[in-house]
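A.B. asks: Based on what follows, work out the 3D shape:
(one chain, ligands or ions: 1)
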Amino acid sequence: MVEEQRVADCVLVVEDSRAVAGWLAGRIEDALGLRALVAGSRAAAREWLHTHAERISAAVLDLDLPDAPHGEVAGDLVERQIPSVVLTATIEDDLRDQLVAAGVCDYVLKDAPDAIDSVLRTLHRIHRNHDIGVLVVDDSRSARAYLVHLLGRWGFCCYEAGDGEQALQQIDAETDTPIRLVLCDQNMPGMDGITLIRELRRRHTTQRLGIIGVSSHGSGLLSARLLKAGADDFLTRPFLEEELSVRVNQNVDLMELLREAREGARRDPLTGLHNRLYLDEIAEQLGETARRTQQPLGALVVDLDHFKSINDRLGHFGGDTVLKRVADQLRDTVRRADVLVRSGGEEFYILTLGIDTAGARTLGERIRNGIETLELVYEGETITTSASVGVAVLEGGSVEEALKAADLAMYEAKRQGRNRVAVLPETD
Ligand SMILES: Nc1nc2c(ncn2[C@@H]2O[C@H](COP(=O)(O)OP(=O)(O)OP(=O)(O)O)[C@@H](O)[C@H]2O)c(=O)[nH]1
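C.D. replies: Model (predicted):
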């Protein structure tokens, strides 16, 4: 690792207009959940840098300050390797070149209608990038150093590999900041870029690992070959520093979106719990872990009683409120390692490893009691609810078999009068 990871939760806002600074600080705190440190002059900015440098994740800079009218403050930030975004009134080519050469990572036109959104997007990226490892693969030490330098401006945590073999080892090695993106040169002795990309892609999906191919010979055919081998994007040398940052950030954005979409598809939007799709995906592995480690697999099916009458009385919004509260209660009751799923409607599944029948019965009873004693008030009306809980513990069985048995037990609990726990098969 060549760049030290910075644990930081503040953004430095350097702006001499109090009104603009206050407004920016508010938006940063609301949108990003980061603390904004405000400085109205270069001297004040230096004071923050003196006392808080380790906590500053990024900075937003006004270049025209009473005690530094020519953007001198940018140098103070760059010197400390703090990624900076400049808010500027004009962006002539000269100024742009000057800013980029000074090491500023982005600039935003003050008067642009989406200026604040651009600043927030850039700050979000920088802050996020601190947790993203980028592996730079190139046989040229100076080419690697240049890329690492540019990526460091954007907060990335960089790793280096001098050839394909090293890159494959690095990808599989444990690192403090997992490698999520590879920048891979095409022309390397031994394994070339295309071969390495093919191998990386065989091992990892785009969602897990982004790959950008870098080539020195700008032929369209080579770019196409890099993409066909599995790269998500490519860069042709020589490139503008801005092109690199845009491509890298957009690829990381895409991975983030894919991850969010995937995660969202596996969550129930009402309660925020995992859903059936998630359970189906992990079921096989969970059963396999139970068998391999010879741990019993406990399944609990929790079904609310007479939930239809709650909907009939309170309407669907009222019913939804009850479901959310029950979900919170279940979340608070199970252990972090347990699997908790809203399987549909008013039914929830819990899967837990290494529990015996007595323990699972106790857990079922705790859940039943927690739901019965929930303090629920909806539109001034006090509501009570209860649940029937089916419990099954299998040794060496699958998740499906455990849930089937727990489901039968849940129906037995309903049959016996509801608001109770039933265990199947009865082994006690
Ligand atoms: N508010 C709300 N209701 C839901 C949701 N999903 C399912 N339901 C309702 O849950 C009720 C389930 O009714 P039933 O299957 O008859 O079960 P029950 O009334 O709980 O009766 P028992 O399970 O036999 O005790 C139905 O009225 C569904 O419309 C949801 O997301 N929100």
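
A.B. asks: Let me know the average pLDDT across stretch 291-299.
C.D. replies: Mean pLDDT, stretch 291-299: 95.

A.B. asks: Nearest to the ligand: which residue in the stretch 101-250 of the chain?
C.D. replies: In the stretch 101-250 of the chain, the residue that lies nearest the ligand is residue 207 (29.0 Å; CB to the nearest ligand atom). In short, each C-beta sits where N, CA and C put it, glycine included.

A.B. asks: What count of nearby residues applies to that residue?
C.D. replies: Look at residue 207: counted by other CB atoms under 10 Å, it has 15 neighbours.

A.B. asks: Return the residues in contact with the residue of the stretch 301-428 of the chain at minimum distance from the ligand.
C.D. replies: Using CB to the nearest ligand atom, the closest approach of the stretch 301-428 of the chain to the ligand is made by residue 319 at 2.6 Å. Shown in contact with residue 319 (CB atoms under 8 Å, 6 or more residues apart in numbering): 307, 310-311.

A.B. asks: Looks to me like it is in a helix.
C.D. replies: Yes - remark: residue 319 belongs to a helix, assigned using DSSP: H, G, I helix; E, B strand; the rest coil.

A.B. asks: on that earlier part again, excluding covalently adjacent residues, which one is nearest to the residue of the stretch 101-250 of the chain closest to the ligand?
C.D. replies: residue 258 (4.5 Å; CB to CB, 6 or more residues apart in numbering).

A.B. asks: ok so, going back, checking my notes, the residue of the stretch 101-250 of the chain closest to the ligand in a strand, right?
C.D. replies: No - using three-state DSSP, the secondary structure at residue 207 is coil, not a strand.

A.B. asks: what's the distance between it and residue 246?
C.D. replies: Separation of residue 207 from residue 246 (CB to CB, to the nearest Å) stands at 21 Å.

A.B. asks: same deal with residue 367?
C.D. replies: When residue 367 is compared with residue 246 (using CB to CB), they lie 51 Å apart.

A.B. asks: out of these two, which sits in the busier spot?
C.D. replies: Regarding residue 367 and residue 246, a neighbour count based on other CB under 10 Å identifies residue 367 as having more, with 23 against 12.

A.B. asks: Centre of the chain to the host helix or strand of that one, how far?
C.D. replies: Assigned by DSSP states H and E, residue 367 belongs to helix 357-372. Mean-position distance between helix 357-372 and its chain equals 33 Å (CA atoms, centre = their mean, to the nearest Å).

A.B. asks: now do stretch 10-17
C.D. replies: From the chain centre to the centre of stretch 10-17 is a distance of 27 Å (CA atoms, centre = their mean).

A.B. asks: Residues contacting it, please?
C.D. replies: So stretch 10-17 is contacted by 21, 24-25, 28, 32, 34-42, 44-45, 48-49, 52, 55-62, 64-66, 73, 77, 82, 87, 123 (CB under 8 Å, 6+ apart).

A.B. asks: Any of those residues buried? List them.
C.D. replies: Buried members of those, scored by 16 or more other CB atoms under 10 Å, are 21, 24-25, 28, 32, 34-42, 44-45, 48-49, 55-62, 65, 73, 77, 82, 87, 123.

A.B. asks: how about the helices in the protein?
C.D. replies: With helices called from DSSP state H, the chain shows them at 18-32, 42-52, 72-79, 93-102, 115-129, 141-153, 164-172, 193-203, 220-229, 241-265, 276-292, 307-333, 357-372, 399-415.

A.B. asks: The last one - contacts with which helices or strands?
C.D. replies: Using 3 or more CB pairs under 8 Å, 6 or more residues apart in numbering; DSSP states H and E as the contact test, the elements touching helix 399-415 are helix 276-292, strand 297-304, strand 347-353, strand 387-394, strand 421-423.
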